[in-house]
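**Student:** output the structure for:
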Amino acid sequence: MTKVSFYVLPSDTQQNKDRLLLACRIAEKALRAAVENASLTYIYCPDAAELAMLDDLLWTFRQGSFVAHERLHAVRDWTDAAPVIIGSEEPAQEINGVLINLAGEVPVFFSRFERVAEIIDNAGRESGRLRYQFYKDRGYPLKTHKLEAE
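**Tutor:** Okay, the predicted model is just below:
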């Protein structure tokens, strides 16, 4: 069964950028775990402007960081795909490791993933509560991480 983790950002964050930076950190952590089990991580970001910003941040979000990734529409061979895929539509069946959801709703394809990471900022608290209730009502194991300001 899919395990769902909610990451709640402090209320004083630079909402959009901080959500994307947190997505980068979660993807980096998932990337290290993926080496062991060869699963792919998918960052679902339906907003085109955010997706472009995320694409850039995955290269530069921290000094010395690099998260190997590619856009979903650019993948030609799943056996040679980058370990992190980013996109704004439903991914191929080959991607089923970690789903990092940057949408305001639960993606219809979430249940095929081993783990789902939901990132909640101040502007998205209400939709985050609705997503939490959705998963809870269906019996998915939930974990909440309330992040402190840095």
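
**Student:** and the lowest-mean-pLDDT helix or strand in the chain, what other elements does it pack with?
**Tutor:** Lowest mean confidence among the helices and strands of the chain (mean pLDDT, DSSP states H and E): helix 15-37, at a mean of 84. With contacts defined as 3 or more Cβ pairs under 8 Å, 6 or more residues apart in numbering; DSSP states H and E, helix 15-37 has these neighbours: strand 41-44, helix 48-60, strand 84-87, strand 98-101, strand 115-120. No exception for glycine: its C-beta is placed from N, CA and C like everyone else's.

**Student:** show me where this protein dips below the pLDDT cut-off.
**Tutor:** 12-15, 34-38, 150 (pLDDT under 70).

**Student:** report the central residue of it.
**Tutor:** I100 (1.5 Å; Cα atoms, centre = their mean).

**Student:** what residues of stretch 16-29 count as buried?
**Tutor:** 18-24, 26-28 (16 or more other Cβ atoms under 10 Å).

**Student:** er, stretch 90-98 actually
**Tutor:** 91, 95-98.

**Student:** and stretch 53-69, by the same measure?
**Tutor:** 54-55, 57-58, 61, 67, 69.

**Student:** let's have those residues in a markdown table, adding distance to G104.
**Tutor:** Output for the buried residues of stretch 53-69, formatted as a markdown table (distance: Cβ to Cβ, whole Å):
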| residue | distance to G104 |
| --- | --- |
| L54 | 16 |
| D55 | 20 |
| L57 | 20 |
| L58 | 21 |
| F61 | 22 |
| V67 | 24 |
| H69 | 22 |
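
**Student:** go through the residues you listed and name the one nearest E148.
**Tutor:** The closest of the buried residues of stretch 53-69 to E148 turns out to be F61 (Cβ to Cβ; 18.6 Å).

**Student:** show me what contacts the closest residue to that closest one other than its chain neighbours?
**Tutor:** Spatial nearest neighbour of F61, excluding adjacent residues (Cβ to Cβ, 6 or more residues apart in numbering): C24 at 4.1 Å. C24 sits next to 54, 57-58, 61-62, 65, 67 when contact means Cβ atoms under 8 Å, 6 or more residues apart in numbering.

**Student:** from what I see, E114 and Y140 are in contact.
**Tutor:** No: contact criterion Cβ atoms under 8 Å: E114 and Y140 do not qualify, at 11.9 Å.
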